[in-house]
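*Asks:* no sequence on hand, only this structure:
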């Protein structure tokens, strides 16, 4: 048990320190970009207190908007105070799944930039099954999820086949496939099958209630069963990688493709299977997002879930559990950022600064090691660049 | 000029790489430093050359204490070094490489090579080197490249020259030439430190021999000492240099290769119309200088090469066109040339490395999930059988020494039912003790009636193990000779000379 804790601490130390550093530096950015603070530059005493209170208020608002809101609790009761946390989880749910899609690829030595497109295909298929059919609730949800998973697995699998057969680099292919997916959803939303009756802007009908993911904490909260799907998927990815023969092959190919090949492992097969599975995970994200919180397919359904996924997977060090935590953190930053913007003078963009700084520090472990004078900081320096070696 | 090292100590973490080492080399003397890989030879020389700083100890040149903080200090003190891996820029000319770091510039920053050219030519003349200053380094044979390195050291007045494993990359003929060059340098007054683990060469040229074992000087010997004496000093126990090879009944043909041609992606043939047989109970060694098509030939046996024409049969079954997995399971054990690159996954545990090929079979897998317990149990057995020395079989393979890494590869490859063992450079970079172990295992396979195809660039290894020897040159098999062939004849064949 102690060993286990040591291991978790060992791998979590770098992300945790990066997180702290990012918040410290962002604090300076908040203070020095605030006009009220800058006006006081002449009087150091006031300047420092105002700067500190500005930064403090911003981070307090960030917390209030993402975890617990005492004002809401005051007016609607203690439990309602957790509304922001529910929002954080709802935002994090698709991010966990797309993050896993990138993390699994990392573990197999591939760089999956295509979670965005895979997410879109999962969302389209789930949406179609959701609004077109009327079935018994449990069956309907299951079918809609499966449709999302399968279509995205196919979409991702194409990348795998192209790479295995022709050697086309997955980074280039997935980027191009993202464009195709982005325009495909624009087109399909204008077809009579998808366009909601009476609307001209690209939006599909709401999915039928029988296909919606059930709420977990009553109707006051948007928290839905998608988080359970995401956690199950994270467990599945862990099990696949660490306990199955297929996962063994994935990791072998990811760690040293030449040795894997020499030992008789088919690198092409592993590539195709990995990409299909990554597609399935991101597609599940799209399906869950539609069936759990959005209900209606729109052109912008994917937001930046597919791209933030890369950051999330890096922050989670390509480990399933790490990815879950990283996605929750990003969910919190996103939802908290909105409150910060409306309650204080600090703009939402500061959240992007924090995210970027976290990634910067994770990518530069030597810097963190130097700042904190840590000798044996566990790093995975190859992680971020591995996919490029093809 | 004399160089004296006193009490040099250097540790990396808990590892004591150099433990108060005393050495000295006199004017016009050749000191050979003999030691296994990891004995601390390179650490010591990197200290002398200023690439590492010692924890304790002093360096004296002509009796005077010197401080060497970086290579330029060493050069200033008259110490030059030729590294095992050449520090040359392939696309630069010989002259450009030699002036690198000492470029003379005329007005307006223009590079002035005239003075350097003059000095280079006169130096080459003094030492009897034939060298074209304007040749691109990448077009030169390895032996000549090495001479460029030596000239580079001499250009800046090196009086003590350190040669780190200088023969590792040379053909037997080039090795002989290098030894001549070294003797000539000595006669002109240059002191030489010659680092090697090859006993024959050390005996041939050294004035004195110092043996390093586990970071300590464990003894010195005269060049007249026997190879066995030197080897046991080096390893720290008696060693058997010539494995017991008993005459053996040769069986039927196991591997039959016919008209095999292997091309690269551009269609250039790397192996041309090669045919041979290997019978059960015999070792066929494919000898040759690195890069004459041996790697491709070895890889093609288990279908790792994509562009193959011709036929490879194992007991009559055609292998060409099979997957790697299938060919291995036809009964081939394969020891790849580079254990770091192709043999092992260094971030995986030792136990996982042992099942790279068989992870989908019982008892390790039920078809879907792995059984960590079965994997570990089997690994414990293998570690015992093959004497794999590790703190834990759960440790990553990268924590192992070279010899133990090779034992992991051997243990894995010999755990399947085997008809043919293909071993590519199986002892490259290994210490004497591990070489002994690997050689014994290879001969044990032969004595058990299996066919062994050995690829090696080491003449000693080829002569010690082979029943027959095929020499590869420029992608072709020049000749297949009996193992009673002389070293000289074999050396000539390896250089492409057929009488």
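*Replies:* Thanks, I have the structure now. Given the structure is predicted, the values throughout are model-derived calculations rather than measurements.
*Asks:* can we go C-alpha only for contacts and neighbour counts from here?
*Replies:* Will do.
*Asks:* sec struct for residue B:478, please.
*Replies:* Recorded secondary structure, residue B:478: strand (DSSP: H, G, I helix; E, B strand; the rest coil).
*Asks:* residue B:126 now?
*Replies:* Classification of residue B:126 using three-state DSSP returns helix.
*Asks:* up against chain B, what does chain A have?
*Replies:* Within chain A, the residues that sit near chain B (Cα under 8 Å from any Cα of the partner chain) are A:243-246, A:248, A:252, A:255-256, A:258-266.
*Asks:* just these: which are in helices?
*Replies:* Secondary structure assignment (DSSP state H) places A:243, A:245, A:246, A:248, A:252, A:255, A:258, A:259, A:260, A:261, A:262 from these within helices.
*Asks:* closest one of these to chain B?
*Replies:* Sorting these by how near they are to chain B, with Cα to the nearest Cα, puts residue A:259 at the top with 3.9 Å.
*Asks:* I'd like to know how many residues surround the nearest residue to that closest one once chain neighbours are set aside.
*Replies:* Leaving out its chain neighbours, the residue that sits closest to residue A:259 by Cα to Cα, 6 or more residues apart in numbering or on different chains is residue B:342, at 3.9 Å. A count of neighbours around residue B:342, defined by other Cα atoms under 10 Å in any protein chain shown, yields 19.
*Asks:* so residue B:342: helix, strand or coil?
*Replies:* For residue B:342, the reduced secondary structure class is helix; criterion used: three-state DSSP.
*Asks:* how much space between it and residue A:29?
*Replies:* Distance from residue B:342 to residue A:29, counting by Cα to Cα, to the nearest Å: 49 Å.
*Asks:* ditto for residue B:73
*Replies:* Counting by Cα to Cα, the gap from residue B:73 to residue A:29 is 47 Å.
*Asks:* swap in residue A:314?
*Replies:* In this view, residue A:314 and residue A:29 are 24 Å apart by Cα to Cα.
*Asks:* so the two - more neighbours on which side?
*Replies:* Summary of the neighbour comparison: residue A:314 and residue A:29, criterion other Cα under 10 Å, with residue A:314 having more neighbours (26 against 15).
*Asks:* returning to what we had before: out of the ones in helices among the residues of chain A next to chain B, who's the most crowded?
*Replies:* In terms of neighbours by other Cα under 10 Å, these top out with residue A:252 at 29 neighbours.
*Asks:* can I assume that residue is in contact with residue A:258?
*Replies:* No: between residue A:252 and residue A:258 there is no contact under Cα atoms under 8 Å: 9.4 Å.
*Asks:* quick one: low-confidence ranges for the stretch 251-390 of chain A?
*Replies:* A:375-390 (pLDDT under 70).
*Asks:* for it, what spans make up the helices?
*Replies:* A:257-262, A:267-289, A:305-315, A:320-343, A:349-363, A:365-372, A:383-386 (DSSP state H, counting those that start in this stretch).
*Asks:* which of the ones you listed sits closest to residue B:252?
*Replies:* Checking those against residue B:252 by Cα to Cα gives helix A:257-262 as the closest, at 27.6 Å.
*Asks:* the closest one packs against which elements?
*Replies:* Identification of packing neighbours for helix A:257-262 by 3 or more Cα pairs under 8 Å, 6 or more residues apart in numbering or on different chains; DSSP states H and E yields helix A:245-255, helix A:267-289.
*Asks:* redo the ones you listed as a markdown table? Include distance to residue A:305.
*Replies:* Compiled in a markdown table, the helices and strands packed on helix A:257-262 are given as follows (distance: least, Cα to Cα, whole Å):
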| stretch | distance to residue A:305 |
| --- | --- |
| helix A:245-255 | 24 |
| helix A:267-289 | 9 |
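*Asks:* out of those helices, deepest packed?
*Replies:* With neighbours defined by mean count of other Cα atoms under 10 Å in any protein chain shown, none of the helices and strands packed on helix A:257-262 is more surrounded on average than helix A:267-289, at a mean of 29.
*Asks:* angle of that helix against helix A:245-255?
*Replies:* 110 degrees (axes from the mean of the first three to the mean of the last three Cα atoms, to 10 degrees).
*Asks:* for residue B:286, helix, strand, or coil?
*Replies:* Secondary structure, three-state DSSP: residue B:286 is strand.
*Asks:* right, and it touches residue B:455 too?
*Replies:* Yes: under the criterion of Cα under 8 Å, residue B:286 is in contact with residue B:455, at a separation of 4.8 Å.
*Asks:* what do those two both touch?
*Replies:* Contact criterion Cα atoms under 8 Å, 6 or more residues apart in numbering or on different chains; residues shared by residue B:286 and residue B:455: residue B:294.
*Asks:* helix or strand with the lowest mean pLDDT in chain B?
*Replies:* Ranked by mean pLDDT, DSSP states H and E, the weakest helix or strand in chain B is helix B:227-235, scoring a mean of 84.
*Asks:* check which residues of the helix or strand just after that one are buried.
*Replies:* Beyond helix B:227-235 in the direction of the C-terminus, DSSP states H and E gives the next helix or strand as strand B:253-263. Within strand B:253-263, the residues that qualify as buried are B:253, B:254, B:255, B:256, B:257, B:258, B:260, B:261, B:262, B:263, counting by 16 or more other Cα atoms under 10 Å in any protein chain shown.
*Asks:* JSON lines please, covering these and showing pLDDT and distance to chain A.
*Replies:* Written out in JSON lines, the entries for those read as follows (pLDDT from 0 to 100; distance: Cα to the nearest Cα, whole Å):
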{"residue": "B:253", "pLDDT": "96", "distance to chain A": "25"}
{"residue": "B:254", "pLDDT": "96", "distance to chain A": "21"}
{"residue": "B:255", "pLDDT": "97", "distance to chain A": "19"}
{"residue": "B:256", "pLDDT": "97", "distance to chain A": "21"}
{"residue": "B:257", "pLDDT": "97", "distance to chain A": "20"}
{"residue": "B:258", "pLDDT": "96", "distance to chain A": "23"}
{"residue": "B:260", "pLDDT": "96", "distance to chain A": "20"}
{"residue": "B:261", "pLDDT": "96", "distance to chain A": "21"}
{"residue": "B:262", "pLDDT": "95", "distance to chain A": "18"}
{"residue": "B:263", "pLDDT": "93", "distance to chain A": "19"}
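*Asks:* can you tell me which of those is closest to residue A:362?
*Replies:* Sorting the buried residues of strand B:253-263 by how near they are to residue A:362, with Cα to Cα, puts residue B:263 at the top with 43.8 Å.
*Asks:* secondary structure class for residue 20?
*Replies:* Using chain A. Residue A:20, by the three-state scheme (three-state DSSP), is helix.
*Asks:* you looked at the wrong chain, it should be chain B
*Replies:* strand.
*Asks:* before we move on, what about residue A:8?
*Replies:* Under three-state DSSP, residue A:8 falls in the helix class.
*Asks:* in the stretch 101-250 of chain A, what residue lies closest to chain B?
*Replies:* Relative to chain B, the nearest point of the stretch 101-250 of chain A is residue A:244 (3.8 Å; Cα to the nearest Cα).
*Asks:* and chain B, which residues reach chain A?
*Replies:* Taking Cα under 8 Å from any Cα as the criterion, the contact residues of chain B with chain A come out as B:304, B:323-326, B:328, B:336, B:341-345, B:347-348, B:356-357, B:359-360, B:365, B:367-372.
*Asks:* drop anything exposed from the residues you listed.
*Replies:* Restricting the residues of chain B next to chain A to buried positions leaves B:304, B:323-325, B:328, B:336, B:341-345, B:347-348, B:356-357, B:359-360, B:365, B:369-372, with burial counted as 16+ other Cα under 10 Å.
*Asks:* mind listing what residue A:231 touches?
*Replies:* If you count contacts by Cα under 8 Å, 6+ apart, residue A:231 has them with residue A:324.
*Asks:* which pLDDT value belongs to it?
*Replies:* Reading off the per-residue confidence, residue A:231 sits at a pLDDT of 98.
*Asks:* same deal with residue B:306?
*Replies:* Reported pLDDT at residue B:306 in the predicted model: 90.
*Asks:* just say helix, strand or coil for it.
*Replies:* The three-state label given to residue B:306 by three-state DSSP is coil.
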